[in-house]
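Student: Quick one: sequence plus predicted model below, questions after.
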Amino acid sequence: MGRFIEGCDRREQLFLPPCIDDYVADDSPVRIVDMFVDELDLSALGFDDAAVTGRPGYHPAMMLKLYIYGYLNQVQSSRRLEREAGRNVEVMWLTGKLAPDFKTIADFRRDQGAAIQAVCRRFVLLCRSLGLIAGGMVAVDGSRFRAVNARDRNFTPVTIRRRMEQVDASIVRYLGMLDTADRQEGEAAELRTARLTTRLDELRRQMRQLEAMEQAVAASPDRQISLTDPDARAMASAGTGTGQVGYNLQAAVDTGSHIIVAHEVINLSHDRTSLTNMGTQAREATGAGTLTVLADRGYFSGSEVLACQEAGIVPILPKPLTSGAKADGRWGKQDFVYQAASDTYRCPAGETMTRRFSTLEHGLTLYGYATPACRSQCTVKANCTASIERRIKRWEHEEVIEAMQARLDRMPGAMRVRRRTVEHVFGTIKDWMGRSHLKTRTMKNVGTEMSLHILAYNFKRAIALVGVPGLMEAVRA
Ligand code: SF4
């Protein structure tokens, strides 16, 4: 036994230090959680700490500390937090050895959602006061998180049709088997017939349910119903071609410190309408006069780029390449040069295309440009168009898009900065969440859950940047 380090005898008297504080290291993150929460004005943040009659409840500060500690240590479920409160010395230190039951813990997260989200914003302000957020540039991205809703409990017109076809095919197959069984005699055949009849009844019942669901889906506002979590929506994944039922977390991350300065949970499967909203929230959180926002092409929308510019936000993102001509091996719109002074285009053959018409597409006013040269002397037409003439469409505010493209050209590494700023954040949070991602249901509760994850992420990030003593000093100041 002499070869190994020996532990203490667990029956030894006075084996424990006399005070629980001795168990918590001076630079333990739990100390900064404690200090941060104690310095908060919980009533101003919206926590409900009104006196109630009957048995006194737990103080919201203690409950908030318990949750922040839990999310910092990947203990997110209320049942596991209850267990930790009874056996984890750091939690005992934090809560004063109080051990609320799991229902009380879960109720706090459900009832204090708005206030918890305000705490998350308050921590960003603390990071700002520490000078961690430069405020000039953020990267925005969205990521899908699995909801508490299995895929077969989510219904869209497409999935219902597919399931109906499957049930139909099964009914046909079972009817054929029933015909065969009917032609046979004996006890085994009778048993088989009874079994097949039961199965057919079951399939017909499924079909009736699907027909009822089809009507319900048609009547729902966005043609979709999720049975377990009514707010969760089918999210297609462009990269893998697969899908999941979940939520879309939008996050704006400071490119210098990688602190998440703003976030929002939505249940849209695309990011196209989120650029201005995230940019505005990020500018408010960082206090920047002018904020540059980096995003990927999934955020591209002419009206969003225009709205950003009007709000004093400078977006930088690439335009999606949707030219059918380019895909067919012909010249794309980018091969035509706009001449602002004359409001004309110069085509690759050197001809001048003038404005001919205007049209309204998806709420945007577009101008059309063409040249009569297409119909007569063009020798390179085969490279340009398969129609009688080539037409170029230009949005009435196209100069906003051109200015953005010019910014992107001046900053060729912009998308690399975007990627390395924001993508690992989602990976880290998903890693902490585990395979099933979300624990709560409905948009409101998922928003609170995400805020706790982001608060924990920012805590860890700030500790990595300035250390526990530095953070404690900032809280005290
Ligand atoms: S087809 Fe028309 S637009 Fe295209 S290169 Fe020829 S003249 Fe120019």
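Tutor: Arrived safely, thanks for sending.
Student: Could you use CA atoms for every contact and neighbour count after this?
Tutor: Will do.
Student: now stretch 464-472: mean pLDDT?
Tutor: Averaged across stretch 464-472, the pLDDT comes to 93.
Student: Run the chain-centre distance for stretch 277-295.
Tutor: With Cα atoms, centre = their mean, to the nearest Å as the basis, stretch 277-295 stands 18 Å off its chain's centre.
Student: likewise stretch 325-345?
Tutor: On the basis of Cα atoms, centre = their mean, stretch 325-345 sits 36 Å off its chain's mean C-alpha point.
Student: Could you pull out the buried residues of it?
Tutor: Buried residues in stretch 325-345, counted by 16 or more other Cα atoms under 10 Å: 326, 330-333, 336, 338, 344-345.
Student: for the ligand, what are the nearby residues on the stretch 201-350 of the chain?
Tutor: By Cα under 6 Å from any ligand atom, the residues of the stretch 201-350 of the chain that approach the ligand are 347-349.
Student: ok, so of those residues, who is nearest residue 5?
Tutor: Using Cα to Cα, residue 348 comes nearest to residue 5 of these, at 80.4 Å.
Student: which outside residues touch stretch 445-457?
Tutor: 67-68, 71-72, 109-110, 113-114, 116-117, 120, 123, 260, 263-265, 429, 438-440 (Cα atoms under 8 Å, 6 or more residues apart in numbering).
Student: Now residue 369: closest residue in space, sequence neighbours ignored.
Tutor: Spatial nearest neighbour of residue 369, excluding adjacent residues (Cα to Cα, 6 or more residues apart in numbering): residue 355 at 4.4 Å.
Student: so what's residue 27 up against?
Tutor: Contacts of residue 27 by Cα under 8 Å, 6+ apart are 468-469.
Student: and if you look at residue 395?
Tutor: Going by Cα under 8 Å, 6+ apart, residue 395 touches 364-367.
Student: Of the contacts of stretch 445-457, which qualify as buried by neighbour count?
Tutor: For the contacts of stretch 445-457, buried by 16+ other Cα under 10 Å: 67-68, 71-72, 109-110, 113-114, 116-117, 120, 123, 260, 263-265, 429, 438, 440.
Student: what's next to the worst-scoring helix or strand of the chain on mean pLDDT, contact-wise?
Tutor: When each helix and strand of the chain is scored by mean pLDDT, DSSP states H and E, helix 324-327 comes last, with a mean of 75. Residues from elsewhere that reach helix 324-327 (Cα under 8 Å, 6+ apart): 331-332, 384-385.
Student: can we see that at 7 Å?
Tutor: Helix 324-327 is contacted by residues 331-332 when judged by Cα atoms under 7 Å, 6 or more residues apart in numbering.
Student: Then stretch 270-282?
Tutor: Looking at what lies outside stretch 270-282 - Cα under 7 Å, 6+ apart - the contacts are 142, 252, 261-262, 293, 298-301, 304, 307-308, 313.
Student: Which members of the contacts of residue 395 are classed as buried?
Tutor: The neighbour-count test (16+ other Cα under 10 Å) marks 366-367 as buried among these.
Student: would TSV of the contacts of residue 395 with pLDDT and secondary structure be doable?
Tutor: Putting the contacts of residue 395 into TSV (pLDDT from 0 to 100; DSSP: H, G, I helix; E, B strand; the rest coil) gives the following:
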residue	pLDDT	secondary structure
364	92	strand
365	95	strand
366	96	strand
367	97	strand
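Student: For the contacts of residue 395, could you give me a markdown table that also reports distance to residue 176?
Tutor: A markdown table is the format used below for those (distance: Cα to Cα, whole Å):
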| residue | distance to residue 176 |
| --- | --- |
| 364 | 56 |
| 365 | 58 |
| 366 | 58 |
| 367 | 61 |
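Student: Pick the one among the contacts of residue 395 closest to residue 88.
Tutor: Comparing those against residue 88 with Cα to Cα places residue 364 closest, at 59.2 Å.
Student: Show me where the stretch 301-450 of the chain has its strands.
Tutor: 313-316, 337-339, 344-346, 352-361, 364-370, 392-395 (DSSP state E, counting those that start in this stretch).
Student: wait, which of these is closest to residue 170?
Tutor: Of all the strands of the stretch 301-450 of the chain, strand 352-361 sits nearest to residue 170, with 44.4 Å by Cα to Cα.
Student: Name every strand pairing with that closest one and say which way it goes.
Tutor: Note on strand 352-361: by DSSP bridges, its sheet partners are strand 344-346 (antiparallel), strand 364-370 (antiparallel).
Student: still on that earlier bit, just the ones of the buried ones among the contacts of stretch 445-457 in helices?
Tutor: 67-68, 71-72, 109-110, 113-114, 116-117, 120, 123, 429 (DSSP state H).
Student: rewinding a little: which one of the contacts of stretch 270-282 is nearest to residue 22?
Tutor: Residue 22 has its nearest neighbour among the contacts of stretch 270-282 in residue 261, at 35.2 Å by Cα to Cα.
Student: Please spell out which residues along the helix or strand harbouring residue 193 are buried.
Tutor: Under the criterion of DSSP states H and E, residue 193 resides in helix 187-219. Residues of helix 187-219 classed as buried by neighbour count (16+ other Cα under 10 Å): 189, 193, 196, 200, 203, 207, 210, 213-214, 217.
Student: List just the nearest of those residues to the ligand.
Tutor: Set against the ligand, the nearest of the buried residues of helix 187-219 by Cα to the nearest ligand atom is residue 217 (46.8 Å).
Student: Surely the closest one touches residue 225?
Tutor: Yes: the criterion here is Cα atoms under 7 Å, and residue 217 meets it with residue 225 at 6.1 Å.
Student: mind checking how far residue 452 is from the ligand?
Tutor: Counting by Cα to the nearest ligand atom, to the nearest Å, the gap from residue 452 to the ligand is 56 Å.
Student: how many neighbours does that residue have?
Tutor: Other residues near residue 452 come to 26 when the count uses other Cα atoms under 10 Å.
Student: from memory residue 167 sits against residue 203, does it?
Tutor: Yes: contact status for residue 167 versus residue 203: in contact at 6.4 Å, counting by Cα under 7 Å.
Student: got any ranges where this protein has weak pLDDT?
Tutor: Within the chain, the stretches with pLDDT under 70 are 1-2, 14-18, 49-55, 237-242.
Student: So in it, which strand runs the longest?
Tutor: With secondary structure taken from DSSP state E, the chain has its longest strand at strand 243-254.
Student: which other helices and strands contact that one?
Tutor: strand 137-146, strand 233-236, strand 260-266 (3 or more Cα pairs under 7 Å, 6 or more residues apart in numbering; DSSP states H and E).
Student: what angle sits between that strand and strand 137-146?
Tutor: Calculated by axes from the mean of the first three to the mean of the last three Cα atoms, to 10 degrees, strand 243-254 forms an angle of 160 degrees with strand 137-146.
Student: Just give the closest residue to whatever residue of the stretch 251-400 of the chain ends up closest to the ligand, not the sequence neighbours.
Tutor: Proximity of the stretch 251-400 of the chain to the ligand (Cα to the nearest ligand atom) peaks at residue 374, 3.5 Å away. What sits nearest to residue 374 in space, not counting adjacent residues and going by Cα to Cα, 6+ apart, is residue 389, at 5.0 Å.
Student: What distance do you get for that neighbour to residue 371?
Tutor: Residue 389 is 8 Å from residue 371, where distance means Cα to Cα, to the nearest Å.
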